[in-house]
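**Student:** Attaching a predicted model along with its sequence, questions to come.
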Amino acid sequence: MANKVFVFCIGGTGLRVMKAITMLAASGVKTNGYSIVPIIIDPHIDLEEKTKVDNLINDYISIYKYATTSEGQQMNPLDGFFNTQFQRLAEIDDEQNNTSASMAERRTFGEYMNVGNLSNDDVNNFLVQTLFSKENLTNSLSVGFKGNPNIGTVVLNEMVNGADWYSAFTRHCESGDRVFIISSIFGGTGASGYPLIEKKIRDAEGFPNVQRAIMGAVTVLPYFSLEDPTVSGSDIDSSSFFTKSKSALSYYENTVKSDYLYYVGEQTLRANYKNNEKEQKDLAHFVELVAATALFDFLSKPKPDAPQALTRAIYDDKVALDLASLGAGYKGIVKNVADMMLLDLLVKILPEESQFPLKKDRKMNKDFYQDHAFVALDQFTKGFYQWYKELSENARGFTPLNLVGPGKELTNWVKGNTLKGKDESYYLLEMIKASNKGNGEKHDNIFRYFLEFAYSAINVYTKNL
């Protein structure tokens, strides 16, 4: 049984980084054998992004199962695409509920604190008025903490204490398992949630495997700004993001004790989003991608003698980043993204390739392309394409690829590099060659063969990136 890494995704930034982690895992980035157990912590009840990330993870889990099960028997993970297992806490422990349900809270903060039952001359009433503003007390908790970590600290602590999902984590964290925490430092949920979760883990008496688990975290510094709140009517003012970050960092310096703490952010806030805390429909951002790579780096490292602080730079400060401006350290990520985008291209064209020999030789025919496994893959690769498109269009842009549609020349697929695969026919030929090799395990899983042959074909042309 593989060791697990429990990934606590806190707040909106935690969700977006988890999305990037899922995309990178699908593209073939490896976790050193660890399976990923995502734990989403966000009290924002109706946030569409949370539903999308949940569905994305479910789609990944389905594809992984399709590719690793043959005639009811479990098979080894693939070597390329979708090689990492994702598990839900509910799979590990069916006694707990979904984290979203246990965090649902529609009251205002004042109602949550039961302020209405305090008399005007009660000393506790004076204390509450001193610590929290009128706006704090009237904020609905159903949309999160609106950049107020002082509220988040109070509410999240109550939500986690005794929660069934947290109990399931402590029961099923085994020797050799790890913990990774994702949060922002400039908002409310993430800034308050990271030190709270870390402290609970380190103080988990009676659960030595939890207390001794190697722990990593990525703290995301400001990387976008929001519309002027006087125009939008929002309670969130992004002009305070850096001030809040400095205050939180000074607290973190003497408080947090992660074995590895990664810092990721922007010095200049190029991206500007709508100031809408209810919807938060923001494009995928390069900083979220970089934050996602921290998890994979963490899983490759041994336990350090002392806590380590790390960050990641780019080679050249460009608004639109290609492989040259990203720097050599990003070659692996660019290769994986390029591979997955080529897979998306193959998924688009193959159902229409009536002369493709594997249609008969390997039963990759009409029925196969209409089967649940391929339909799930098609849906996932479309989502990956959209994710990359958002990354490339945002400010700053992650744009290492020259995207072209079916039937176009592919030699310049990666900017600054020349691939020998001139068009799709080169990749289809390599899929046929991979099929004819006849090496590896024998099975009846056509979908697994498809992913194996596609990865082998793509890797022939991208392995030297």
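**Tutor:** That came in fine, so what should we check first? Residues are numbered from 1 along each chain as shown.
**Student:** How many residues are close by the nearest residue to residue 316 once chain neighbours are set aside?
**Tutor:** Nearest residue to residue 316, sequence neighbours excluded (CB to CB, 6 or more residues apart in numbering): residue 325, at 4.0 Å. (C-beta placed from N, C-alpha, C; glycine too.) Residues near residue 325, counting by other CB atoms under 10 Å, number 19.
**Student:** part of a strand, is residue 309?
**Tutor:** Yes: counting by DSSP: H, G, I helix; E, B strand; the rest coil, residue 309 is located in a strand.
**Student:** from memory residue 371 sits against residue 447, does it?
**Tutor:** Yes: the criterion here is CB atoms under 8 Å, and residue 371 meets it with residue 447 at 7.3 Å.
**Student:** the strands in the stretch 201-350 of the chain, which residues?
**Tutor:** With strands called from DSSP state E, counting those that start in this stretch, the stretch 201-350 of the chain shows them at 214-220, 224-226, 260-264, 271-273, 308-311, 320-321.
**Student:** what does the first one contact?
**Tutor:** When contacts are defined by CB atoms under 8 Å, 6 or more residues apart in numbering, strand 214-220 is touched by residues 13, 17, 178-186, 190, 194, 198, 201-202, 252, 256-265, 287-288, 291, 294-295, 298, 303.
**Student:** closest to residue 363 out of the strands of the stretch 201-350 of the chain?
**Tutor:** strand 320-321 (41.9 Å; CB to CB).
**Student:** and that closest one, what does it pack onto?
**Tutor:** Applying 3 or more CB pairs under 8 Å, 6 or more residues apart in numbering; DSSP states H and E, one finds that strand 320-321 makes contact with strand 397-398.
**Student:** care to break this structure down by domain?
**Tutor:** Per the record, the chain has its domains at 4-44+46-103+146-312, 107-143, 329-462, by automatic domain parsing.
**Student:** Now do the helices in the stretch 351-465 of the chain.
**Tutor:** Using DSSP state H, counting those that start in this stretch, the helices found in the stretch 351-465 of the chain span residues 358-361, 366-370, 372-393, 424-437, 446-462.
**Student:** what's the closest of those to residue 248?
**Tutor:** helix 372-393 (26.6 Å).
**Student:** Now do the closest one: which elements does it pack against?
**Tutor:** When contacts are defined as 3+ CB pairs under 8 Å, 6+ apart, helix 372-393 sits against helix 11-27, helix 48-67, helix 331-349, strand 397-398, helix 446-462.
**Student:** re earlier: so among the contacts of strand 214-220, which ones count as buried?
**Tutor:** Neighbour counting with 16 or more other CB atoms under 10 Å marks 13, 17, 178-186, 190, 194, 198, 201-202, 252, 256, 258-265, 287-288, 291, 294-295, 298 as buried within the contacts of strand 214-220.
**Student:** mind listing which of the residues you listed are in helices?
**Tutor:** The members of the buried ones among the contacts of strand 214-220 that map onto helices under DSSP state H are 13, 17, 190, 194, 198, 201-202, 252, 287-288, 291, 294-295, 298.
**Student:** For residue 93, give me its contacts.
**Tutor:** With contacts defined as CB under 8 Å, 6+ apart, residue 93 is in contact with 168, 171-172.
**Student:** one step back: need the contact list for the residue nearest to residue 316.
**Tutor:** 314-318.
**Student:** how does it look with 7 Å?
**Tutor:** Contacts for residue 325 (CB atoms under 7 Å, 6 or more residues apart in numbering) come out as 314-316, 318.
**Student:** what pLDDT does it get?
**Tutor:** For residue 325, the pLDDT comes out at 98.
**Student:** same deal with the one 10 residues further on?
**Tutor:** The predicted local distance difference test score for residue 335 is 98.
**Student:** Let me see the contact set for it.
**Tutor:** The contact partners of residue 335, by CB under 7 Å, 6+ apart, come to 462, 465.
**Student:** same deal with the one 5 residues further on?
**Tutor:** Contacts were defined as CB under 7 Å, 6+ apart; by that measure residue 340 touches 26-27, 384.
**Student:** Can you tell me the SS state at residue 196?
**Tutor:** helix.
**Student:** Count the residues that sit near it.
**Tutor:** Neighbours of residue 196 (other CB under 10 Å): 21.
**Student:** Show the model's pLDDT score for it.
**Tutor:** Residue 196 carries a pLDDT value of 86.
**Student:** State the distance from it to residue 93.
**Tutor:** 22 Å (CB to CB, to the nearest Å).
**Student:** neighbour-wise, which of residue 371 and residue 447 wins?
**Tutor:** The residue with more neighbours, out of residue 371 and residue 447, is residue 447; 21 against 14, by other CB under 10 Å.
**Student:** Spatially nearest residue to that one, not counting backbone neighbours?
**Tutor:** Closest residue in space to residue 447, ignoring its immediate chain neighbours: residue 373 at 4.0 Å, by CB to CB, 6+ apart.
**Student:** what about stretch 263-270, start to end distance?
**Tutor:** End-to-end distance for stretch 263-270: 18 Å, by CA to CA, to the nearest Å.
**Student:** next one: it to chain centre, how far?
**Tutor:** Stretch 263-270 sits 18 Å away from the centroid of its parent chain (CA atoms, centre = their mean, to the nearest Å).
**Student:** circling back: of all the contacts of residue 93, which comes closest to residue 85?
**Tutor:** residue 172 (14.7 Å).
**Student:** what about the closest residue to the closest one other than its chain neighbours, neighbour count?
**Tutor:** In space, and not counting its chain neighbours, residue 172 is closest to residue 92: 4.9 Å by CB to CB, 6+ apart. For residue 92, the count of nearby residues is 17 (other CB under 10 Å).
**Student:** thinking residue 92 is in contact with residue 173, fair?
**Tutor:** No: if you go by CB atoms under 7 Å, residue 92 and residue 173 don't touch, sitting 9.9 Å apart.
**Student:** Flag the shaky bits of the stretch 51-200 of the chain, pLDDT-wise.
**Tutor:** Scanning the stretch 51-200 of the chain for pLDDT under 70 picks out the ranges 94-158, 188.
**Student:** can you give me the strands in it?
**Tutor:** Here the stretch 51-200 of the chain has its strands, by DSSP E, counting those that start in this stretch, at 69-70, 73-74, 178-184.
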